[in-house]
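**Student:** here is a sequence together with a model predicted from it:
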Amino acid sequence: MKPLSDVKPWLALAAACLLSTLAAAAPSGPPPAALVEQLQQVQADWARINYQTQGEARKAAEFEALARRAAAFERAFPGRAEPLIWEGIVLSTYAGVKGGLGALGLAKQARDKLEAALRIDPSALEGSAYTSLGTLYAKVPGFPLGFGDDGKARKLLEAALKINPDGIDPNYFYGEFLYEEGQRVEAIAALRRALAAPPRPGRELADRGRRGEIEALLARAQGAAR
């Protein structure tokens with residue numbers, strides 16, 4: 001079981017899938033223009049809050065407001081996986097900022113949204129629901145406090161990599177998971193793949209933030225592997 005202190009690092013999840021694309025269409029067809037526009041706005045606001053907002057209290061307040069907008073976005077497009085994925089990501093991030101036992105309810109809501117997205121279309125946003133859900137299972141404390149489960153986390157993260165093997169997010173979060181599991185050599189390989197991922201047009205702020213996180217973790221992993 002993970003200690004309660006591990007709840008705080010949920011903030012890292014915020015990035016899980018931020019750099020996802022709309023390349024994979026849901027079974028109902030390509031996403032409508034209005035969905036794409038709203039999704040891009042949620043992504044942009046998430047990146048701004050996560051990487052540029054200063055102060056935990058202010059950041060929590062902004063994520064709380066963004067969570068309400070993400071919920072409205074999801075209601076506006078019922079039956080689509082993309083809004084569910086991003087509502088899950090926002091809720092997960094808000095949980096990370098909030099921290100403590102009060103964050104567990106938000107994490108459970110995020111889990112439910114991501115599982116619903118997987119039931120609709122596992123390949124949506126290049127498998128982002130797998131990445132985000134796997135990271136939740138890795139970060140949330142286990143029984144009896146929470147639903148964390150390293151075995152489920154590994155399976156979900158590996159499923160994400162099957163869909164998007166060269167993606168920056170699935171490789172980063174898998175590398176982070178491997179690092180926490182003590183698999184330093186494997187973690188380094190995954191993190192290097194994450195750094196080699198091509199930049200995403202329109203996601204410059206998220207790219208910079210993510211690469212900074214990758215480089216910091218890679219340095220720790222390389223130091224531990226020596």
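**Tutor:** Looks like it came in fine. Numbers count the residues shown, from 1 in each chain.

**Student:** may I ask which helix or strand of the protein has the lowest mean pLDDT?
**Tutor:** Lowest by mean pLDDT, DSSP states H and E among the helices and strands of the chain is helix 204-225, with a mean of 92.

**Student:** work out the gap between that one and the centre of the chain.
**Tutor:** Here the centre of helix 204-225 is set off from its chain's centre by 16 Å, with CA atoms, centre = their mean, to the nearest Å.

**Student:** that one - contacts with which helices or strands?
**Tutor:** helix 33-52, helix 168-180, helix 184-195 (3 or more CB pairs under 8 Å, 6 or more residues apart in numbering; DSSP states H and E). C-beta coordinates here come from the backbone N, C-alpha and C atoms, glycine included.

**Student:** please identify the deepest-packed of the ones you listed.
**Tutor:** helix 168-180 (a mean of 25; mean count of other CB atoms under 10 Å).

**Student:** quick one: average pLDDT of stretch 188-201?
**Tutor:** For stretch 188-201, mean pLDDT is 94.

**Student:** show residues contacting it.
**Tutor:** Defining contact as CB atoms under 8 Å, 6 or more residues apart in numbering, one finds that stretch 188-201 is touched by 19, 21, 166-169, 171-172, 174-175, 178-179, 206-207, 210-211, 214-215, 217-218, 221-222, 225.

**Student:** repeat that with 10 Å
**Tutor:** Stretch 188-201 is contacted by residues 18-21, 157, 161, 164-179, 183, 206-208, 210-211, 213-222, 224-225 when judged by CB atoms under 10 Å, 6 or more residues apart in numbering.
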